[in-house]
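Novice: here is a sequence together with a model predicted from it:
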Amino acid sequence: MQCPKCHAQMHTYNRNGVQIEQCSNCRGIFLDYGELEALTRLESQWSQPGPPPPAAPQAYPQAAPAAPAWGAPQGGAHYGGHHGGHHRQKGFGRMLFSS
Amino acid sequence: MTAYPLLAELSRRAGAKAHEATPACPCGAATLADRPDATVVRHADTVAKAHAPGTDPAGLTPRLALAARLPDILLAPLAPAPAALHGRLVTFWPYGTPVDPDDPDLAPWEAAGTLLARLHRTPAPTALPQMRGPAKAAHAVARLRAAGPHPAVAPVLGAWHTLPAWARAEAPMPDTTTLCHGDLHLGQLVRHPAPDGPWRLIDVDDLGVGVPAWDLARPAAWYACGLLPPGEWTRFLAAYRAQGGPAVPVDGDPWAALDVPARALTVQTAARSVTKSLAEGRPLDEVEQCLVDACARMGSVPPQLTAGRAK
């Protein structure tokens, strides 16, 4: 479709299931009927749990952050408990401070 | 033969620089580092660093100038150009309080992520050389090859050969415009003014243009190898993303961008560990063995191919 304001081409994006048309020239956004309500609903879902510092763990509270296939088994699994991990104790002072 | 006169003269110069403004000297002095690649001394609030032998002034000078231009990200030098001393290049810096290696809970992961994102988003000056990360990894591997037989040499070299040529410093990097630190670890952050000013990045020797994911790759490698807990890794990555850092996508799995550099830094750290253990005639410790084990696993998993192109 064409932008009603500047008549440039508009492109469709999908954001969390909401279709949004954005103008490639003036960056204006066109919302279909009900889309503003859908966005507002998503926003309130997002802000309900309070400030989200570590975003990934909040979305998937049980999951560890992604790790590569060659990583140690189960990523950070050495760190059961709060500040567990003897690797951490030994590695921190030396490994994490040198080139 | 030359180390002692260098250290003595470097200490004298640091003292002279420290007292340009205040002639009395009630202060002690300390050697902060005395390694083959750098000698660093402190006198009161002034630090003098003798850079590695053979450091090219044409590379160091624009790096120093950049630090002077970005005082909100990098610690600013006290003098705009390096001085010559006993065949070495010397630079002068204000003293900053480093990260405490004995207190992992106080490590400034948010500051590290934030400062890197700001650095990566700063337009690079045209005169800046390439970031030296891949060159340093290649150097560590060359030293391992020369160090002699060891059961860990084969898996480390095997992992090295899974890497694309640019990550082995055998081809230009796929990104030649993004400003990078080149050697990030927790020893590269200080608070200035000491003891509780804002955190700044130090050590401009490897600064340059290149693939910004390299700067995230050491914490990424520590996390992958089980040396850094997931919470700390998440804090670092989230802070980087919150500041709009361009090295990884804003959300989702960052490993398409991190995989190659994190492999390279795991190989580099494993190579240095094995070389060191051979020189000291001792077996690998647990942490070093974790790195070698990760290298062994890399051989069976091909690298992800999108590194350096994430936006």
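Specialist: Received the coordinates, thanks.

Novice: ramachandran coordinates for the most centrally placed residue in chain B?
Specialist: With distances taken as C-alpha atoms, centre = their mean, residue B:183 lies nearest the centre of chain B, 1.9 Å away. Here is the backbone geometry of residue B:183 (degrees, to the nearest 10): phi -160, psi 50.

Novice: skipping adjacent residues, who's closest to it in space?
Specialist: Nearest residue to residue B:183, sequence neighbours excluded (C-beta to C-beta, 6 or more residues apart in numbering or on different chains): residue B:206, at 4.2 Å. Quick note: C-beta positions are derived from backbone N, CA and C, even for glycine.

Novice: surely the residue nearest to the centre of chain B touches residue B:135?
Specialist: No - under the criterion of C-beta atoms under 8 Å, residue B:183 makes no contact with residue B:135, lying 10.6 Å away.

Novice: can you give me the strands in chain B?
Specialist: In chain order, chain B shows strands spanning B:29-35, B:38-43, B:46-50, B:83-85, B:88-94, B:97-98, B:179-180, B:189-191, B:199-201, B:208-209, with DSSP state E as the criterion.

Novice: with chain A instead?
Specialist: Using DSSP E, strands in chain A cover A:10-15, A:18-23, A:29-30.

Novice: other SSEs contacting the shortest one?
Specialist: Helices and strands touching strand A:29-30, as assessed by 3 or more C-beta pairs under 8 Å, 6 or more residues apart in numbering or on different chains; DSSP states H and E, comprise strand A:18-23.

Novice: what pairs with the strand it packs on, and is each one parallel or antiparallel?
Specialist: Here strand A:18-23 has these sheet partners by DSSP bridges: strand A:10-15 (antiparallel), strand A:29-30 (antiparallel).

Novice: quick one: end-to-end distance for stretch B:237-256.
Specialist: 14 Å (C-alpha to C-alpha, to the nearest Å).

Novice: state the mean pLDDT of that stretch.
Specialist: Averaged over stretch B:237-256, pLDDT sits at 97.

Novice: could I get the buried residue list for it?
Specialist: Applying a neighbour-count criterion of 16 or more other C-beta atoms under 10 Å in any protein chain shown, the buried positions in stretch B:237-256 are B:237-241, B:243, B:245-248, B:254-256.

Novice: ok, that stretch near chain A or not?
Specialist: Yes - Stretch B:237-256 comes into contact with chain A (C-beta under 8 Å from any C-beta of the partner chain), by way of B:237-238, B:241, B:251, B:253-255.

Novice: the residues you listed: which two are farthest apart?
Specialist: Largest separation among these by C-beta to C-beta: B:238 and B:255, giving 15.5 Å.

Novice: measure residue A:21 to residue B:54 for me?
Specialist: Using C-beta to C-beta, to the nearest Å, we find residue A:21 at a distance of 59 Å from residue B:54.

Novice: what's in contact with stretch B:270-287?
Specialist: A:86-87, A:90-91, A:94-95, A:99, B:140-141, B:143-144, B:147-148, B:150, B:152-153, B:156, B:159-160, B:227, B:288, B:291-292, B:294-295 (C-beta atoms under 8 Å, 6 or more residues apart in numbering or on different chains).

Novice: please pick the buried ones from those residues.
Specialist: A:87, A:90-91, A:95, A:99, B:140-141, B:144, B:147, B:150, B:152-153, B:156, B:159-160, B:227, B:288, B:291-292, B:294-295.

Novice: pLDDT below threshold where in the chain?
Specialist: Went with chain A since none was named. A:13-18, A:33, A:42-62, A:74-91, A:93 (pLDDT under 70).

Novice: ah, no, chain B please
Specialist: B:1-4, B:21-26, B:28, B:305-311.

Novice: quick one: residues contacting the residue nearest to the centre of chain B.
Specialist: A:99, B:132-133, B:136, B:203, B:205-206.

Novice: in ChimeraX, how would I select just the buried ones from the residues you listed?
Specialist: Buried members of the contacts of residue B:183 can be picked out in ChimeraX with the line below, counting by 16+ other C-beta under 10 Å:
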select /A:99 /B:132,133,136,203,205,206
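
Novice: and which of the contacts of residue B:183 is nearest residue B:31?
Specialist: The closest of these, once distances to residue B:31 are taken by C-beta to C-beta, is residue B:203, at 16.8 Å.

Novice: once you drop chain neighbours, what's closest to the closest one?
Specialist: That would be residue B:188: by C-beta to C-beta, 6+ apart, it lies 5.2 Å from residue B:203.

Novice: wouldn't the one you found be in contact with residue B:204 here?
Specialist: No - applying C-beta under 8 Å as the test, residue B:188 and residue B:204 come out as separate, 10.1 Å apart.

Novice: what does the stretch 51-200 of chain B put close to chain A?
Specialist: Close to chain A, as judged by C-beta under 8 Å from any C-beta, the stretch 51-200 of chain B has residues B:99, B:101-102, B:104-105, B:107, B:136, B:183, B:185-187.

Novice: go again with 7 Å.
Specialist: Contacts of the stretch 51-200 of chain B with chain A, taken as C-beta under 7 Å from any C-beta of the partner chain, map to B:101-102, B:104, B:136, B:183, B:185-187.

Novice: which of those residues are buried?
Specialist: Using 16+ other C-beta under 10 Å, the buried ones in these are B:104, B:136, B:183, B:185-187.

Novice: identify the farthest-apart pair in the residues you listed.
Specialist: It's B:104 and B:136 that sit farthest apart of those, by C-beta to C-beta, at 24.9 Å.

Novice: any idea where the helices of chain A begin and end?
Specialist: In chain A, the helices defined using DSSP state H lie at A:35-47, A:55-59, A:86-95.

Novice: please apply the same query to chain B.
Specialist: So, for chain B - with DSSP H - the helices run B:3-18, B:57-69, B:109-121, B:133-147, B:153-160, B:213-224, B:230-242, B:255-279, B:286-298.

Novice: brilliant, that's me finished.
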